[in-house]
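1. Give me coordinates for this.
(2 chains)
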Amino acid sequence: MYQPEFVRPPAPHGFHDEDFVHYFDEVNTPGLGVTIPAGDTVRDIQLRLETDSEFIARGISVIAAANPQFREPGGFYLSSDFMPLAQSYRNGVALAPSGTFEEQTVLFEPEIRCPQGSNFAVFFENPTSGPVALGAFIAIFGVKRRRNDA
Amino acid sequence: MTPNRQFDERHQDYVFACPDLASGQLAAALQLQLDADWPFELRSIAAWLPPVATGPTAGTQDGLQFISMRWAGPVQDYRQQGVVPLPLLLGPYFGQLGNPKPVYPSYPMPRQALIQIDVQNNGPNKVSGMLLIFRGVKKGPVGSMPYSYPQKMARPPLPFLYPIPNLTSLGVSETRTNVPFAPENDSDFAFRFGQAGALGFYQVFITLKDESWKPYSNAPVPADVFFGRSFFPAVFPCGASFIAPVGPGASQPGLAVPELYIPQNHKMWFDITRNDSGYAGAVSQDYPLTFGGCKVYPG
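-> Numbers count the residues shown, from 1 in each chain, chains lettered A, B, ... in the order given. Model prediction:
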């Protein structure tokens, strides 16, 4: 956003970075497949990161039928409220075929360091007057930071 | 910010309202006078035309594709050989949706300088209400921007979004002035970008102002220029048809450069004007607006 990804600082001495994407859907995270009643919320769905290394989160892309709010591994929320997707984590311009360009990555600027074995949490609000099947897909982009001797 | 800097930079947009242009008319040597307080450094340009209200091209910015222009700085050093069609000069979005056409190297101008503009309408119809937006920074003396990052932080800055809650039921012809924006009181906030708009909105203008109500522009800026916008209709003229913009939205929001720094327990303000009364189907509705950036935790 403010800087292209290639100018991110290199890994510190003794470490190297590996490009990595954490992907979550109702298969590996059942909470992302629930139906939310009208005006209701689902809270604290844990998005577990892999435990083999620190993860540096640099971007996110979300498809869902409700408005999300994320909490990063340090316990800090990433917005002051639930966010309309088109205003936050997903492009709203749908082009044929099948919504091309809707899912361009939204950058985390600055990046978010996620300790080994930590997790994000996501909350969803259904602002509509009817129930919605959440049907959420979440991809968190970044790098795994590994020790050179590991 | 930058050690040994010579200036403090402050985001600034200069909006120039073009006169009505009849078909074929060339308006030469139009002048935009800059403010008297600080010098200005021009870094990018955008153009905007009120969307057409009726007819087969309703909702589009039909007519913008037929406009040509050239501009010069205060010493009348034109940067184009002749008037250049805007689709070529400013690119496919005409500098809108957070994609202003860069002026690089940037062009420093003194206080009260005059930007000179030639603009021509080569289209078949009269064009009214076109705006040219000259974007860049004002350069004040060191120390003139009182707020910046603290010497120590309690934790690294955190990417953060603020949905603006108090824009409910924005009327089709309504102005709200001095709407406050106060970040949460646990941290400072560096405002870096915004995302605004939805289907059903056509002419929305925003004036951002700092804590002491000093605006970041000389006039209201079209929200389509300052902010990125998702759900944008096929509005941009391309040959004989109109295309939807490719890609703008949450991933490519409109940036404020440099960022606007708001310390803990401080505020900024903005005015918002909607002028959609001439559009069929426009109704009073909530206007989505999001301010983004990062929280900064003083240590």
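2. how near is the closest residue to B:S44 other than its chain neighbours to B:G228?
-> Nearest residue to B:S44, sequence neighbours excluded (CB to CB, 6 or more residues apart in numbering or on different chains): B:P100, at 3.5 Å. C-beta coordinates here come from the backbone N, C-alpha and C atoms, glycine included. Going from B:P100 to B:G228 by CB to CB, to the nearest Å gives 11 Å.
3. Common neighbours of the two, please.
-> Shared contacts of B:P100 and B:G228, defined by CB atoms under 8 Å, 6 or more residues apart in numbering or on different chains, are absent.
4. thinking again about what came up before, show me what contacts the residue nearest to B:S44?
-> Residues near B:P100 by CB under 8 Å, 6+ apart: B:43-46, B:133, B:135, B:225.
5. go with 7 Å
-> B:44-46, B:135 (CB atoms under 7 Å, 6 or more residues apart in numbering or on different chains).
6. For these, which single residue is the most surrounded?
-> Ranked by neighbour count (other CB atoms under 10 Å in any protein chain shown), the contacts of B:P100 have B:A46 at the top, with 29 neighbours.
7. Can you tell me, leaving aside adjacent residues, what's nearest to that one?
-> Distance criterion CB to CB, 6+ apart; nearest residue to B:A46, sequence neighbours excluded, is B:G95 at 2.7 Å.
8. and A:P131, how many residues sit next to it?
-> A count of nearby residues for A:P131, using other CB under 10 Å, gives 13.
9. again, but for B:F7
-> 18.
10. Is it correct that it is in contact with B:K138?
-> No - using CB atoms under 7 Å as the test, B:F7 is too far from B:K138 to be in contact (8.9 Å).
11. For the closest residue to B:Y78 other than its chain neighbours, name its beta-bridge partners.
-> Spatial nearest neighbour of B:Y78, excluding adjacent residues (CB to CB, 6+ apart): B:A72 at 4.3 Å. For B:A72, the beta-bridge partners are B:Q116 (DSSP bridges).
12. Could you do A:Q46 as well?
-> On the basis of DSSP bridges, A:Q46 is bridged to A:A121.
13. show me the residues around residue 76 that make contact.
-> In the absence of a named chain, chain A is used. Under the criterion of CB under 7 Å, 6+ apart, the contact list for A:F76 reads B:L158.
14. meant chain B actually
-> Counting by CB under 7 Å, 6+ apart, B:Q76 touches B:Q116.
15. A helix includes it, no?
-> No - B:Q76 sits outside any helix when classified using DSSP: H, G, I helix; E, B strand; the rest coil, being coil.
16. what's the distance between the residue nearest to B:A46 and B:L64?
-> Counting by CB to CB, the separation of B:G95 from B:L64 is 11 Å.
17. One more: A:P30?
-> Going from A:P30 to B:L64 by CB to CB gives 49 Å.
18. quick one, which of these two is more surrounded?
-> A count of neighbours by other CB under 10 Å puts B:L64 above the other of A:P30 and B:L64, at 24 against 10.
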